[in-house]
Structure formats: C-alpha cells, structure tokens
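**Student:** Quick one: sequence and predicted model below, then my questions.
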Amino acid sequence: MFYGIRNLSPNLQKIPNRFSICLLIILSFLLLFIPEDLSNHIKLTAASPLAPVQKTISRTGNFFSNGVHKISSIFRSAAENKMLKEKIFNLQNEIIKQQNFITLLNQKLDTVSKFQKNWNKEEKPFIANIIGYETSNFRRSILIDIGKKHGVSINDVVVFETALVGRISAIGFTTSRVMLITDPASNVPSRFLKSRIQGIVQGESNARCSIKYIPRNTSVEEGDKVISSGIGGIFPQSLYIGDVVTVKEKSAQLFKEVTLKPRIDVSKLEYVLVVKNKISDLKE
Amino acid sequence: MPWFTIIIVLLCISLIQTTLLFYISIFNIHPDLFFIFLVYFSLNFDIERSFYGNWAAGLAKDFFSGNLFGLNTIMFVVIGYLISLIKDEIFRKHLFTQILVTFIVSIIYNFVSVFMICFSLKSVNLLTMVWKCPTIAIYNALVVPPIFWLLDRLYSPSKFST
C-alpha cells in the first residue's frame, strides 16, 4: 500500500501525512478535555510498565546518592563531633530531670495506646517505595509502587514517621501519584503548635511552603512548629508539617507572610507510609 | 530503524527524567530532557518528522506529569513548529545557536506553563513561580552540549527518508 502511495504525485503523497497530523492535533486537544479521573488513570496505566525499571533505577540512584552524602559527611564530622559531645553532656543532665516526668507520662500513654490499639485495630499503614518523581519543574509529586490493588484510594494521607508528606492525588492499579505538600495545588489545614493559631499550608513548587491567613496581630516567630489541624477531614490532626523559616509583615496586608521549611525532604526518602483516609473510605 | 530508536530514546529520557535527574536538581530545579529532545528534533529534522517526534515527546512528558493531560503535547507541537519555521534562517549546526535557541524557547515554554498552572490552580502565586523560568532555561541551556552530542551519536538526519 505504501509502495503504491510513493508512486503517486507529491501532492497525493502528502494526503496521508496531513491527515495523520490533523488527527494527532485533534487528539491532542481532545486530551485536554478528558475528565481528571480518567486522564490520571490513563497516565498511570501508560506509565506502569516502566514502574519496575523506575524502581530499580531509583534504588540505584538512592544507593549512590547516600554514598555521596556519607563521603561529604565524613569531612564535616570532626567539628560536628566536638559540638555534639558538649550537647550530649548538657542533654544528659536534662534527661535526669525529665525521667520522673516521663515515668508519669508513660503510665498515661499506656492507657491511651491500649485505647488506640482497639480503636485502630484494622487500620495499618501501607509501606510504599518511591519509584519516580515529577517531570515538571512547577509541580511537586512522587510516584509510589502501590495502588488500587493494595487497597489505596484517592486522598489517602502519605506520611513519613509522624511527619506529613502529602496525599494520594491519582491512583493506578499498581502505582499511585502523591501530591506533596510543596505542590502549588496542595492546601493543608494547619495550626501552630504553641499558639494554636490556624492557617492553610500551601505549596510553592520549591523546597518551601507558605502558611496563609495568619492575622497580623498574632505572634509568630522563626522556628515555630506547624502541625496539621485535622479540619476538613482529609489530613488527620497533629501531623508535623514543618518549621517557620521567615515571617514578613507588610503594611498594606491583612495577613502575615509566613514561610515554612517542610519537616520532610523527599529527596532523602526511599519509602513512605500511606494511611487510609476515613473520607475516602466513606466515599467508596 | 529510526522510529524504533526514537521510542527507545524517549523511554530512556522518561526513566532518567523521573528518577536520576532529581538527584542533580539545584534549588529544586532540574533540566528538562524532553524539552531538549524537542529542540534537537526541531532543529535537525524536517517539519513533518519533527512533528511526530515532538508529539510523542510531549505525550511522554504528560504521562509522567501531574499537570493537565495533553498540555505538554500541544505545547511541544506548537514550539516544535515555531523552531522548524526559523531553523533555516539561523546557523543551526553551531553549538552557540543551539544553546541560545534552547535558552530562549525554554523561557517562553516555561512562562506559558506557569501561566497555565496559575490559570488552572487559583491559589498559586504567580510571582513565586515566575522567577524559576530563567533559572530552568539556564539549566536547560547548560546541558545542551552533552545531550546534543549524545543524540548526534544516535541520530543522523541522513538516516531518515524525507
């Protein structure tokens, strides 16, 4: 068939090419109108055959990255060692002071944890390996190696230890995309640990987040810790989000400009924990 | 087997872009290999061939991005077409030209991307993202020499029937 086409006049030869170009352009525009759920499903399904290779490359990358970090840390360790020894001496004194207090607290905690065990009996977090990162410089997400098959659903919360990493934004059969708290589309209801003032933590597509709607008359200082407030029901309360890095006040603005450094640096993580979200369970 | 090579190269780019490039990011910015592929393809091949290559590269980028699906596909086709229009007017084989074209077009592409993101996500602050555009463009331009050299080893325009 193609041999036949080559023998035709140049204008006629162009027809199948023009047709396929037009078809692809139309198809590209149609892609924009695909519903988000379906497009996420298509994306993750199309990308899933590469997941095992991504996993292997990520592990190798992590291995070498950790090696480089270790080598660089050797040079810093001598000075750090001296400083840490002094710190340890002071902390040892502090520990003795706190021991009595801790014994009392332990008794209380024991009671709470028994309650927690009974209450959360079936809910165990999933451990997921990070297998890929975002291709766009303006968004922040990661790809993990668990999906619908493992019982994960959209809006499930992703944590590392007790610090917030993000939430599941798209789900495939064996892989899922996690929208990090540093993504510009991420909004996390939060509060300051000390002052209990509430705000919304928003991503800025770089290594920092900002916390919005903090009134001017409130006191916020550098180093203040920010946790999730639990409002809205997606993120459980008391998850560590980050520390305040800068606080700015402009005369014409109602709110302060507060910048956070997230507790978790995703570039240093190899795995995360996925916690089932009650709202996503209810929707299902 | 040129098309086979293109697909393999795009697969390799997808894998490297989603895994290893994260480790060489500076200020959370990493070079965009898909985009460099687009510039290379548009500068070196005829308009039709580059259309298909750029379309495939845009689609591959969309598959691995959390952005609006299809956005990169369209932008890659448009940008590729614009580069194809000017490629005969410039000395496209010179490394400086290649770096300059990558830098300028990268700025335009990233500005459009930022505006699209700000348009689709109401909460995004434009100013916090705009400063990234020149930085990404510089980073992209810096990695042009090794990437173009590698792609030159793989492809030769004469291999393609036009």
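**Tutor:** Great, that's in hand. Model, not experiment: these values are computed from the prediction.
**Student:** Output stretch A:152-164 as CSV - backbone C-alpha positions only.
**Tutor:** C-alpha atoms of stretch A:152-164 as CSV (Å, rounded to 0.1, in the frame of the first residue of the first chain):
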residue,chain,number,x,y,z
VAL,A,152,-5.1,2.5,48.4
SER,A,153,-7.6,5.2,47.5
ILE,A,154,-7.5,8.9,46.5
ASN,A,155,-6.9,11.3,49.3
ASP,A,156,-5.2,8.7,51.5
VAL,A,157,-2.6,10.5,53.6
VAL,A,158,1.1,9.9,53.0
VAL,A,159,3.4,10.3,55.9
PHE,A,160,7.0,9.5,57.0
GLU,A,161,7.2,8.6,60.7
THR,A,162,4.8,11.2,62.0
ALA,A,163,5.5,14.0,59.6
LEU,A,164,3.2,14.8,56.7
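**Student:** Verify the stated contact: B:Asn28 with A:Asn206.
**Tutor:** Yes - here B:Asn28 reaches A:Asn206: they are 4.7 Å apart, a contact under C-beta atoms under 8 Å. In short, each C-beta sits where N, CA and C put it, glycine included.
**Student:** Show me which helix runs longest in chain B.
**Tutor:** Taking DSSP state H as the assignment, the helix of chain B that covers the most residues is helix B:95-120.
**Student:** That one packs against which elements?
**Tutor:** Under the contact definition 3 or more C-beta pairs under 8 Å, 6 or more residues apart in numbering or on different chains; DSSP states H and E, helix B:95-120 sits against helix B:33-44, helix B:71-86, helix B:126-130, helix B:132-142, helix B:144-154.
**Student:** Domain map for chain A?
**Tutor:** A:59-113, A:126-278 (automatic domain parsing).
**Student:** quick one: average confidence on the shortest one?
**Tutor:** Model confidence over domain A:59-113 averages 76 on the pLDDT scale.
**Student:** And the pLDDT for A:Pro184?
**Tutor:** 88.
**Student:** so when I look at it, I'm seeing a helix, right?
**Tutor:** No - A:Pro184 sits outside any helix when classified using DSSP: H, G, I helix; E, B strand; the rest coil, being coil.
**Student:** Let's verify the closest residue to it other than its chain neighbours: helix, strand, or coil?
**Tutor:** Among residues not flanking A:Pro184 along the chain, B:Val124 sits closest, at 4.3 Å (C-beta to C-beta, 6 or more residues apart in numbering or on different chains). Counting by three-state DSSP, the backbone at B:Val124 sits in coil.
**Student:** can you pull the pLDDT of B:Val124?
**Tutor:** At B:Val124, pLDDT is 73.
**Student:** for the one 10 residues further on, same thing?
**Tutor:** Per-residue confidence for B:Pro134 comes out at a pLDDT of 90.
**Student:** Just give me the neighbour total for it.
**Tutor:** Other residues near B:Pro134 come to 14 when the count uses other C-beta atoms under 10 Å in any protein chain shown.
**Student:** and the gap between the residue nearest to it when sequence neighbours are not counted and chain A?
**Tutor:** Using C-beta to C-beta, 6+ apart and skipping the chain neighbours, the partner closest in space to B:Pro134 is B:Ile107 (6.1 Å). Note on B:Ile107: its distance to chain A, by C-beta to the nearest C-beta, to the nearest Å, is 12 Å.
**Student:** Quick one: residues contacting B:Ile107.
**Tutor:** By C-beta atoms under 8 Å, 6 or more residues apart in numbering or on different chains, B:Ile107 lies in contact with B:Cys133, B:Pro134, B:Ala137.
**Student:** Reformat these into a markdown table and put distance to A:Phe160 next to each item.
**Tutor:** A markdown table is the format used below for the contacts of B:Ile107 (distance: C-beta to C-beta, whole Å):
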| residue | distance to A:Phe160 |
| --- | --- |
| B:Cys133 | 31 |
| B:Pro134 | 33 |
| B:Ala137 | 33 |
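**Student:** Looking at the residues you listed, spot the one nearest chain A.
**Tutor:** B:Cys133 (8.9 Å; C-beta to the nearest C-beta).
**Student:** Looks like that closest one contacts B:Val114 (just checking).
**Tutor:** Yes - using C-beta under 8 Å, B:Cys133 is in contact with B:Val114, at 6.4 Å.
**Student:** got the CA coordinates for the helix or strand of chain B with the lowest mean pLDDT in PDB?
**Tutor:** The helix or strand of chain B with the poorest confidence is helix B:126-130; it has a mean of 80 (mean pLDDT, DSSP states H and E). Provided in PDB are the C-alpha atoms of helix B:126-130 (Å, rounded to 0.1, in the frame of the first residue of the first chain):
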ATOM      1  CA  LEU B 126       2.400  33.800  40.000                       C
ATOM      2  CA  LEU B 127       5.500  35.700  41.400                       C
ATOM      3  CA  THR B 128       6.700  32.700  43.400                       C
ATOM      4  CA  MET B 129       6.900  30.600  40.200                       C
ATOM      5  CA  VAL B 130       7.900  33.100  37.500                       C
END
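**Student:** check contacts around the residue lying closest to B:Thr135 once chain neighbours are set aside.
**Tutor:** Nearest residue to B:Thr135 in three dimensions, chain neighbours excluded: B:Ile29, at 5.4 Å (C-beta to C-beta, 6+ apart). By C-beta under 8 Å, 6+ apart, the contact list for B:Ile29 reads A:Asn137, B:Lys132, B:Thr135, B:Ile136, B:Tyr139.
**Student:** how many other residues sit next to B:Leu142?
**Tutor:** That count, for B:Leu142 with other C-beta under 10 Å as the rule, works out to 13.
**Student:** Which pLDDT value goes with the residue lying closest to it once chain neighbours are set aside?
**Tutor:** Nearest non-adjacent residue to B:Leu142, counting by C-beta to C-beta, 6+ apart: B:Pro31, 7.5 Å away. We have a pLDDT of 91 for B:Pro31.
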